[in-house]
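In: I'd like to go over a predicted model; first the sequence, then the structure.
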Amino acid sequence: MGDAAMESKSASNGSGEKSHLFNFTGISANKAGMGADRKLVADFVYEKSKNSQYTQHQLELDAKQHTRAEAVACELRTAEKRMSESEMLAEKRKAESELEALEKHRDLTRTHCVVDMDMFYAAVEIRDQPDLASKPVAIGGLGMICTANYVARLYGVRAAMPGFIAVEMVRNPTAIGSKMPPDELVFIPPNFAKYTQVAMETREVFRQYDPHFKAMSLDEAYLDLTDYLAAHGVSAETAVQKMRDQVKERTGLTCSAGIGPNRMVAKIASDEKKPDGQTRILPTRAAVLDFMDRLPVRKIPGCGKVLENQISIMLGVQTCSELRAAAARVKRAFQGRKTCSFLLRACLGLSADELAEDGDEIGNVGRKSLSCERTFRAESEPAELRGRLRDLCRNVAQDMAASVPPLAGRVVALKTKASSFEVRNKQVSLMQPVGFSPNFGKPAEAAGVPEATATHEAPHEASQSTVAEEAEREISRVTHELFKLLEPVLEEQLPCQLRLMGVRVSSFRDQRSTLDKGQRQLNSFFQGKSSEQIAEERHAEAPAGCGQAASDQSAEMPRPALRALQDSTVIDLEASSQEDQAFKASEPKEGNARPQGQQGPQSPQKSLPAGTSEGCLKRVVARLASRAKRIRSSGVCCPVCGIRVPEDEANHHVNAHYGDN
């Protein structure tokens, strides 16, 4: 163990209270229903897990992060001592000017609402088994807990907590400061098919108030009520109360809601009166700032344990009001990083959607990636690892289906961590997205199904059963597609001993950055540029440092084609030396002349990026050379992927990139 890790361990004196690793979000942020002491829970979790290899590794990482934060804090203090009073004043004025510039983007004209189902998975199970209502219930198992009901939360149990630790907390509540009597924690295996069906019922209610609402998970929805309120002439409180009553009547479940002038404020407010309550933040600057000022920085969506710890050490800041007052120090501490603008915006109570015109922080899809990973005991059995991969693919498929709109992505990645804690990431890029249709989960009439084909005459129960069966078929299909894409990636690593596996999907359909980029390419494509101009642009965009052969080939191929060739194949920069040697063996020996007119890939020399495998780049260049020969044919060059297609198929091909088949 390194010196930093030893220092961290000795500093804790057998306690987890001094490390953010053992302070769970719910307890540190006063999550609804929590009934345990923060320090005692941290100590309890630490004692139960301190001897595990995972905890020791995390403590080392924690110590390194702490050391870096302390170093930055020291640099800040040193810099402040060297600065004159006039320099300090100038820096403060500059920070205030930036805050004023952000204020110009504040939009108080719209009414947003975030609805959060109360203990959703547990609530669904308790609804179906009412005798569990008074017992501590957790959805999940001894490895990890997905959701805990409010009775279990009184014992300090929460989501993302190891189940075996939660069992001990419920059996010995006095150890964590809970006043509840000792009991046994009831585990229920998750049933995502059931939860998805219930979520679809809630979404039918949400669509009445905002047909274009968004959902990041099964139990949460983001609505813009502005148009609904204007059309019906009712107050926001009345509309949201009616919506919550409809959800309860239809599903038997309660939900909480937050109302505010933007999504971020509404999201934070949705947790204020849980369970079964609602909070409104008035659409005035004073009301928003007053609400934000009293919040700990951890309440800011997107501020996790690591960032909270950095802010505390580097800036000595705990609340949003302190964060705004320290704007100048925030700029110095996070200079040149997106974290700086994120914190300045958040402390003002501004949401990313209010700044969408200035960047790509938010697009048509409100997330850049979706992932699921699991830690388990060291496992080397291939069949067991394949089973874990399939389970992860299903979890990701369910999360993709749960989003509104349903997701489909062009990049699928597998993350693995060996028993030695070596982490590998490898991704597969696709020409066509894998995932769900935009109409998945919508009612038949909303999805454009003719009324004659919809089963209106069938009973409601039969209709719900049909919807559930169709949802299960689609989820199984996407699960199978993800598994088939990632199974070869896993097979490459066998035999191996793994302790963690994760699946990630990104580059979603309809993301704004992708559409904007494609639109720019389409504009230039349809502006009627001459072939000479296009050839000059291609030559100017040729990548440097890839050898003369690559430059010659790229002069005849548009930049998107280069990307397509690289992205359509799995490329692992950590390729084994055996692969490199195999590639070299296929090349002509030094001194042997190539056939006249044949262009072979030349190895880049001075321009190799640090840590890049030379053999890997050679293989990329070889693929470029081979593919270039095949695309020199008549037709139209696609402005998105660079592939030439027959003119009569051009429109269909371009539309396919954006899901408009």
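Out: Received it, and whenever you're ready, just let me know what you need. Keep in mind that what you see is a predicted model, and the values were worked out from it rather than measured. Numbering: from 1, shown residues only.
In: what sits against the residue nearest to Ser217 when sequence neighbours are not counted?
Out: The shortest distance from Ser217 to any non-neighbouring residue, by CB to CB, 6 or more residues apart in numbering, is to Ala402 (5.6 Å). (Glycine included, C-beta is placed from N, CA and C.) Ala402 sits next to Thr196, Ala199, Ala215, Ser217, Leu218 when contact means CB atoms under 8 Å, 6 or more residues apart in numbering.
In: dump the residues you listed into CSV; add secondary structure, pLDDT and neighbour count as well.
Out: As requested, the contacts of Ala402 are exported to CSV (DSSP: H, G, I helix; E, B strand; the rest coil; pLDDT from 0 to 100; neighbours: other CB atoms under 10 Å):
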residue, secondary structure, pLDDT, neighbour count
Thr196, helix, 85, 19
Ala199, helix, 92, 25
Ala215, strand, 87, 22
Ser217, strand, 85, 15
Leu218, coil, 88, 24
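In: now those residues in a markdown table, with distance to Lys415?
Out: What follows is these, written out as a markdown table (distance: CB to CB, whole Å):
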| residue | distance to Lys415 |
| --- | --- |
| Thr196 | 25 |
| Ala199 | 27 |
| Ala215 | 25 |
| Ser217 | 21 |
| Leu218 | 23 |
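In: which one of those is nearest Asp43?
Out: Nearest to Asp43 out of the contacts of Ala402 is Ser217 (CB to CB; 31.3 Å).
In: tell me the pLDDT of the residue nearest to Ser217.
Out: Per-residue pLDDT puts Ala402 at 80.
In: try the one 4 residues further on
Out: Model confidence at Pro406, expressed as pLDDT, equals 87.
In: what number of residues lie near Pro382?
Out: By other CB atoms under 10 Å, the residues close to Pro382 number 13.
In: give the contact list for it.
Out: Contact analysis of Pro382 by CB under 8 Å, 6+ apart lists Leu494, Pro495.
In: any figure for the gap between it and Arg388?
Out: For Pro382, the distance to Arg388 equals 11 Å [CB to CB, to the nearest Å].
In: same question for His653.
Out: Separation of His653 from Arg388 (CB to CB): 38 Å.
In: repeat for Gln56
Out: Counting by CB to CB - Gln56 and Arg388 are separated by 23 Å.
In: likewise for Cys320?
Out: Taken as CB to CB, the span from Cys320 to Arg388 is 40 Å.
In: go on, Lys274?
Out: As judged by CB to CB, Lys274 and Arg388 stand 34 Å apart.
In: okay, these two: which has more neighbours?
Out: Under the criterion of other CB under 10 Å, the comparison of Lys274 against Arg388 puts Lys274 first, with 20 against 17.
In: correct me if wrong, but the more buried one is in a helix.
Out: No. Looking at Lys274 with DSSP: H, G, I helix; E, B strand; the rest coil, it is coil, so not inside a helix.
In: go ahead and confirm it touches Ser256.
Out: Yes. With contact defined as CB atoms under 8 Å, Lys274 counts as touching Ser256 (4.6 Å).
In: could you point out which element follows the helix or strand encompassing Val167?
Out: Val167 is part of helix 163-171, with elements assigned from DSSP states H and E. Where DSSP H and E defines the elements, the next helix or strand beyond helix 163-171 is strand 186-188.
In: name the residues of that following strand that are buried.
Out: Using 16 or more other CB atoms under 10 Å as the test for burial, strand 186-188 gives Val186, Ile188.
In: do the same with stretch 139-153
Out: Neighbour-count burial for stretch 139-153 [16+ other CB under 10 Å]: Ile139, Gly140, Met144, Ile145, Cys146, Thr147, Ala148, Asn149, Tyr150, Val151, Ala152, Arg153.
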